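Engineer: Can you look at this prediction? I've put the sequence above it.
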Amino acid sequence: MHSSFKTIALVAFGITGYSLFAFRETTPTQTVQNRLRLQADSFAMAVQDLKRIPVDATHTQQLHSAFIKMRLAYKKIEWAAEYFVPLTTRQVNGPPVPETELNGQVIQPNGLQMIEEELFRRLSSTKKLKVLMAGLADNAVEYQAFFNHADLQDWQILDAVKLEVFRIEALGLNRFDDPLSRNCFNESVVALQSLNQVIANYPGGNKLGPLFLAAISYLKQPVSFDNFNRIVFLTKYANPLTGAITSLHNQLNLPDIHYNRLLNQGAETLFAPNAFNRNAYTASPADSATTDKIMLGKKLFFDPRLSGTMARSCSSCHQPDKAFTDGLTKNLDITGKKFITRNTPTLINAALQAAQFYDLRAASLEDQVRDVVQNKDEMHGDMQVSTQKLWQDTIYRKLFTIVFPARNRSSIDTLEVMNALASYVRSLTALNSRFDQYMQGKREALTTNEVAGFNLFMGKARCSTCHYLPLFNGTLPPRYMQLDAEVIGVPHTKTDKQIDPDQGLYNLSPYSFNRHAFKTTTVRNTALTAPYMHNGVFKTLDEVIDFYNNGGGAGMGIKINNQTLDASPLHLTAKEKKDLVAFIKSLDSK
């Protein structure tokens, strides 16, 4: 159903020497869709223009110029393409490495970022480039077909526009998808210009024009990538803009249609206290955390009866006073005779990631609970046996009856135990650090060094291309439906030139590109959760930053041919390293 908002278009028809003027009513939705049709056509033509250029060294500059033009044509429609045609868009502008889905499916690299690799780094494989360009041309046709027939809704359009501003904030300022052509600021300008044209169609939308123009003007200033002040852009330009888009949505009385996702649709900024939904990754709304579930889950969390030996609880390894870690390189197994295979991660903000464990093997917190309880090294328990023990306890019997009402209850279901414990972990969501306070307007919350560290994190140090703002984990914004696993070449020991033998994701998905791949964990609270990496090899944040500064494992001389981390050194100064550590410490939850 189309919006009731209308604009008047004056149409002239020439009839035997005079003009007849007629009025045609056009809704904002129709105007936006008409523009998208033209922009999809322009993108398709830009693809064809690049295809026609001979691939050889004599045409390098022409190829580069045509590629940049093609990316700019894409950026004009990115807001709608990402929102309405996400699967096609993943083929158009997905990462230049194979990706393993949580269901085991492998997505092969394709599209603009792979073409950039060929044009800017190799310029040798004409055959491969032709295949990539043919695939891109097919996807461009899919865009044309979709936007010619799509039935767009006003509430979706404004939602998509705001998400694109969020995308620019998190990904558009750090060369996330154009690391070689290096045109991220200009691409963000083009994207914002396109959004401004969309918003201007709505009653009151023209009032947002100055906000768009101010943000665009700031992006156009003559400053280097390393020196661009991202924290000023976010606080002075992006936050007011997304807040105004939210207000416009409310003023237009658009349908209040909500669906379960991590980034709440009503979030005014990425840093608002209510921006993220801790229940987003539940299997159903019934699994959402409630006060009663959290209370029950907390009691279970500290109860050793879930373990096979009746001597270890969840809190034995996830200790609240250590940010729900244990402070050890690796903990002992339940027998106390050997070490478990990996370092204990924090549970703070664990609900804000689409999969659990370093190898992503659990699709939910409920699955994680079951895996840990029944793991022979960790708790060596049995969920069926544990529920029987709990049922024999009159207090637990009463609590489960209250929290999970059921007729003629005669036992506790294992899923109820899993959901209660998962609910407690969801309650550990805490995006309330000094950094968050700063981004919410409390400018005294950060020091000058911490602000400098944030700008380094987002820029020169390239941390934010894997640890995405504002969660600083590997869940890809702003849709938050993909979770990164990276190969960074973690050594066996701090000075060892051998990679740690843990195969990581490869053990579950045995493709060569997954060998030694691990989940990109959050940087939040890392000042409280040493030691670091899946094997606890680094004792301090300074050691971690040195590792990245040198280009990861490959940079320190480890032979690894599938490292996804850029092996080039970052050339951070001693002061810059210190500022980075200072910023990371500002991310500690309260």
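Structural biologist: On my side now, so go ahead.
Engineer: make it CA atoms for all contacts and neighbour counts henceforth
Structural biologist: Fine.
Engineer: how about the strands of the stretch 451-590 of the chain, start to end?
Structural biologist: For the stretch 451-590 of the chain, the strands defined by DSSP state E, counting those that start in this stretch cover 485-486, 518-519.
Engineer: Can I get these in TSV including distance to D256, mean pLDDT and mean neighbour count?
Structural biologist: Below are the strands of the stretch 451-590 of the chain laid out as TSV (distance: least, Cα to Cα, whole Å; pLDDT from 0 to 100; neighbours: other Cα atoms under 10 Å):
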stretch	distance to D256	mean pLDDT	mean neighbour count
strand 485-486	35	94	24
strand 518-519	35	96	23
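Engineer: Please name the residues that touch the nearest residue to T126 once chain neighbours are set aside.
Structural biologist: Spatially, and ignoring its direct neighbours in sequence, T126 is nearest to V55 (6.3 Å; Cα to Cα, 6 or more residues apart in numbering). Contact analysis of V55 by Cα atoms under 8 Å, 6 or more residues apart in numbering lists L63, L123, T126.
Engineer: again, but for S307
Structural biologist: Counting by Cα under 8 Å, 6+ apart, the residues that S307 touches are S313, V373, M379, H380, G381, D382, S386.
Engineer: do that again at 6 Å, thanks
Structural biologist: When contacts are counted by Cα atoms under 6 Å, 6 or more residues apart in numbering, S307 touches M379, H380, G381.
Engineer: I'd guessed the first one sits against R370; true?
Structural biologist: No - with contact taken as Cα atoms under 6 Å, M379 and R370 are classed as non-touching, separated by 10.2 Å.
Engineer: neighbour count winner among those two?
Structural biologist: M379 (25 against 20; other Cα atoms under 10 Å).
Engineer: And the more buried one, what's its pLDDT?
Structural biologist: As predicted, M379 sits at a pLDDT of 97.
Engineer: next one: the one 10 residues further on
Structural biologist: Taken from the predicted model, the pLDDT recorded for K389 is 94.
Engineer: cool, and G104?
Structural biologist: 76.
Engineer: how close does M295 get to Y396?
Structural biologist: Look at M295 and Y396: by Cα to Cα, to the nearest Å, they are 12 Å apart.
Engineer: Tell me which residue is most central in this structure.
Structural biologist: L476 (1.9 Å; Cα atoms, centre = their mean).
Engineer: what's around R409, how many residues?
Structural biologist: 12.
Engineer: How about it: what's its closest non-neighbour residue?
Structural biologist: Distances taken as Cα to Cα, 6+ apart put T401 closest to R409, at 7.5 Å, once the chain neighbours are dropped.
Engineer: try H64
Structural biologist: Distances taken as Cα to Cα, 6+ apart place L119 nearest to H64, at 7.0 Å, with adjacent residues excluded.
Engineer: what's the closest of the contacts of V55 to N229?
Structural biologist: L63 (31.3 Å; Cα to Cα).
Engineer: Poorly predicted segments of the chain, please.
Structural biologist: In the prediction, the chain carries residues with pLDDT under 70 at positions 1-25, 125.
Engineer: Which parts of the stretch 51-200 of the chain are helices?
Structural biologist: Using DSSP state H, counting those that start in this stretch, the helices of the stretch 51-200 of the chain run over 60-84, 86-93, 112-117, 126-149, 154-167, 184-199.
Engineer: Run through who's touching the second one.
Structural biologist: Put plainly, it is helix 86-93. The contact list for helix 86-93 (Cα under 6 Å, 6+ apart) reads E82, N110, G111, L112.
Engineer: So what's the residue count around the first one?
Structural biologist: Summarising burial for E82: neighbours were counted as other Cα under 10 Å, giving 20.
Engineer: Contacts only, for it.
Structural biologist: T89.
Engineer: what's around the residue lying closest to W79 once chain neighbours are set aside, how many residues?
Structural biologist: The shortest distance from W79 to any non-neighbouring residue, by Cα to Cα, 6+ apart, is to E164 (5.1 Å). E164 sits with 27 neighbouring residues when counted by other Cα under 10 Å.
Engineer: All the helices of the stretch 251-400 of the chain, residue numbers only.
Structural biologist: Taking DSSP H, counting those that start in this stretch to define them, one finds helices in the stretch 251-400 of the chain at 291-301, 365-374, 383-391, 394-403.
Engineer: Turn the ones you listed into a markdown table, columns for distance to N274.
Structural biologist: As requested, those are exported to a markdown table (distance: least, Cα to Cα, whole Å):
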| stretch | distance to N274 |
| --- | --- |
| helix 291-301 | 17 |
| helix 365-374 | 21 |
| helix 383-391 | 35 |
| helix 394-403 | 25 |
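Engineer: closest one to Q33 among the ones you listed?
Structural biologist: Among the helices of the stretch 251-400 of the chain, helix 365-374 sits nearest to Q33 (Cα to Cα), with 40.4 Å.
Engineer: okay, the angle between the closest one and helix 383-391?
Structural biologist: For helix 365-374 against helix 383-391, the angle by axes from the mean of the first three to the mean of the last three Cα atoms, to 10 degrees is 90 degrees.
Engineer: what helices or strands is helix 365-374 leaning on?
Structural biologist: helix 414-426 (3 or more Cα pairs under 6 Å, 6 or more residues apart in numbering; DSSP states H and E).
Engineer: Can you list the neighbours in contact with the helix it packs on?
Structural biologist: Outside helix 414-426, the residues that reach it (Cα under 6 Å, 6+ apart) are R278, A289, K293, I294, G297, K298, A351, L365, E366, V369, M383.
Engineer: Format the residues you listed as JSON lines; extra columns: distance to S512 and neighbour count.
Structural biologist: Putting the contacts of helix 414-426 into JSON lines (distance: Cα to Cα, whole Å; neighbours: other Cα atoms under 10 Å) gives the following:
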{"residue": "R278", "distance to S512": "34", "neighbour count": "26"}
{"residue": "A289", "distance to S512": "39", "neighbour count": "23"}
{"residue": "K293", "distance to S512": "42", "neighbour count": "26"}
{"residue": "I294", "distance to S512": "41", "neighbour count": "22"}
{"residue": "G297", "distance to S512": "39", "neighbour count": "24"}
{"residue": "K298", "distance to S512": "41", "neighbour count": "20"}
{"residue": "A351", "distance to S512": "29", "neighbour count": "26"}
{"residue": "L365", "distance to S512": "28", "neighbour count": "25"}
{"residue": "E366", "distance to S512": "30", "neighbour count": "23"}
{"residue": "V369", "distance to S512": "29", "neighbour count": "23"}
{"residue": "M383", "distance to S512": "35", "neighbour count": "22"}
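Engineer: In CSV: those residues, plus distance to T447.
Structural biologist: Shown next, in CSV, are the contacts of helix 414-426 (distance: Cα to Cα, whole Å):
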residue, distance to T447
R278, 30
A289, 36
K293, 39
I294, 36
G297, 38
K298, 36
A351, 29
L365, 36
E366, 39
V369, 39
M383, 48
